[in-house]
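Chemist: Fold the following.
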Amino acid sequence: MGTDPLHTDPVAPDASPDVPAQRRDLAVLGVIALGGGLGGLARYGLSTVVTGPWGLLLINVLGCALIGVLMVLVPRLHPLARPFFGVGILGGFTTFSAYALDIVHLGLSSFAYLFATLFLALGATFSTMALTRKVLA
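Modeler: Here you go, the predicted structure:
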């Protein structure tokens, strides 16, 4: 396997090829499940403090900002860090399915919400990536 891009694991391409595939796959599944549960609990907790569509906007933008930090740090972390934090915790924390449902319920005012979420989430991701790179430099 090694670093050959044609022979990398699609779920965890940075996973060590020295670990047997079946054991590595179980570890990846386990950390995703654990992280997803923790991320879902965090989303629920924050959504009880900041309710409605604007709470969901905050959750998604904050999650994207954290994804930006994670993407810079991933090469420096344990191979299970990306599945645990990225797919698990942040995947469970952010919720773009609820975002789509809120757009349907908001009707005409949904255009501002739709574009605010899109631009704020992307802006948060790119700005935290740049800030994290600067801090680490």
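Chemist: where exactly do the helices run in this protein?
Modeler: Using DSSP state H, the helices of the chain run over 21-49, 52-73, 81, 91-93, 96-106, 110-136.
Chemist: got the buried residues for the helix or strand bottoming out on mean pLDDT in the chain?
Modeler: Lowest on mean pLDDT, DSSP states H and E among the helices and strands of the chain sits helix 96-106, with a mean of 80. For helix 96-106, a neighbour-count test (16 or more other C-beta atoms under 10 Å) marks 99, 102-103 as buried. All C-beta spots, glycine's among them, are computed from the backbone N, C-alpha and C.
Chemist: can you check stretch 79-86 too?
Modeler: By 16+ other C-beta under 10 Å, the buried positions in stretch 79-86 come out as 79-86.
Chemist: any idea which residue sits dead centre in the protein?
Modeler: Nearest to the mean C-alpha position of the chain, by C-alpha atoms, centre = their mean, lies L90 at 3.5 Å.
Chemist: quick one: contacts for it?
Modeler: By C-beta atoms under 8 Å, 6 or more residues apart in numbering, L90 lies in contact with 35, 39, 63, 66-67, 70.
Chemist: Closest one of those residues to L120?
Modeler: G63 (11.3 Å; C-beta to C-beta).
Chemist: How much space separates the closest one from Y99?
Modeler: 11 Å (C-beta to C-beta, to the nearest Å).
Chemist: coming back round to it: of the contacts of L90 - the most surrounded one?
Modeler: G63 (25 neighbours; other C-beta atoms under 10 Å).
Chemist: contacting residues for the nearest residue to that residue once chain neighbours are set aside?
Modeler: Of all residues not flanking G63 in the chain, T94 sits nearest, at 3.5 Å (C-beta to C-beta, 6 or more residues apart in numbering). Residues near T94 by C-beta under 8 Å, 6+ apart: 39, 43, 59-60, 63-64, 67.
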